[in-house]
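> need the 3D shape of this:
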Amino acid sequence: MTDDTTLVIYGITPEGALQWYRHNGRSDGTNRWTAGGGGNNVSAGWNIYSTVFSGGNGVIYGITPEGALQWYRHEGYTDGTNRWIAGGGGNNVSAGWNIYSTVFSGGNGVIYGITPEGAL
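Sure thing, here's the model as predicted:
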C-alpha cells in the first residue's frame, strides 16, 4: 500500500507562492483533494528559482539563474502546514547547475542533469 505522504504535489504561482496539494482521488480518478482545489500556501518567494523540483519526502531543491542549488525540507509535507528546515533561502548545497536544460531527482538524494545537447 502506498503511503499518502508520498503523493504530495507542489505548485508555484506566478507571484512565487508555494502551494501544497494531496490528491485523495488518486485511486479512482475523482476530484477529491486535501486542502481543496487551491491547495495550502506553505511558503513564498519561490519565483527566484529558474528550476524547482522535489527530492521526495518533503525535500525540495531550487536552482537559481546563477546556478546555485538550494536545499529545503518541508517538515509539513505530511499535513500541508508551513513547517520548514532550512527556510529563508534554503541551504546552498552546490553551484554550477545552470549548465543543464533539465534537472530532476531520482530519489534518495540522487539528482540528474541533462545538458542542452542531450547528455545525461
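> quick check: what element follows the lowest-mean-pLDDT helix or strand in the chain along the chain?
Sorted by mean pLDDT, DSSP states H and E, the helices and strands of the chain end with strand 33-34, the least confident at a mean of 86. Remark: after strand 33-34, the chain's next helix or strand is strand 40-43, criterion DSSP states H and E.
> which secondary structure elements does that next one sit against?
On a contact count with 3 or more Cβ pairs under 8 Å, 6 or more residues apart in numbering; DSSP states H and E, strand 40-43 meets strand 18-23. The C-beta positions use only the backbone N, C-alpha and C, and glycine is treated the same way.
> pull the residues that contact the strand it packs on.
Contacts of strand 18-23 with the rest of the structure, by Cβ atoms under 8 Å, 6 or more residues apart in numbering, involve 4, 7-13, 32-35, 38-44, 46, 60, 74, 76-77, 80.
> ok so, going back, mind giving me the packing neighbours of the least confident helix or strand of the chain?
Applying 3+ Cβ pairs under 8 Å, 6+ apart, one finds that strand 33-34 contacts strand 18-23.
> what segments of the chain are strands?
Under the criterion DSSP state E, the chain contains strands at 8-12, 18-23, 33-34, 40-43, 51-56, 59-63, 69-74, 84-85, 91-94, 102-107, 110-114.
> can you redo those strands as JSON lines with distance to residue 120?
As requested, those are exported to JSON lines (distance: least, Cβ to Cβ, whole Å):
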{"stretch": "strand 8-12", "distance to residue 120": "24"}
{"stretch": "strand 18-23", "distance to residue 120": "28"}
{"stretch": "strand 33-34", "distance to residue 120": "34"}
{"stretch": "strand 40-43", "distance to residue 120": "30"}
{"stretch": "strand 51-56", "distance to residue 120": "15"}
{"stretch": "strand 59-63", "distance to residue 120": "17"}
{"stretch": "strand 69-74", "distance to residue 120": "17"}
{"stretch": "strand 84-85", "distance to residue 120": "30"}
{"stretch": "strand 91-94", "distance to residue 120": "17"}
{"stretch": "strand 102-107", "distance to residue 120": "9"}
{"stretch": "strand 110-114", "distance to residue 120": "6"}
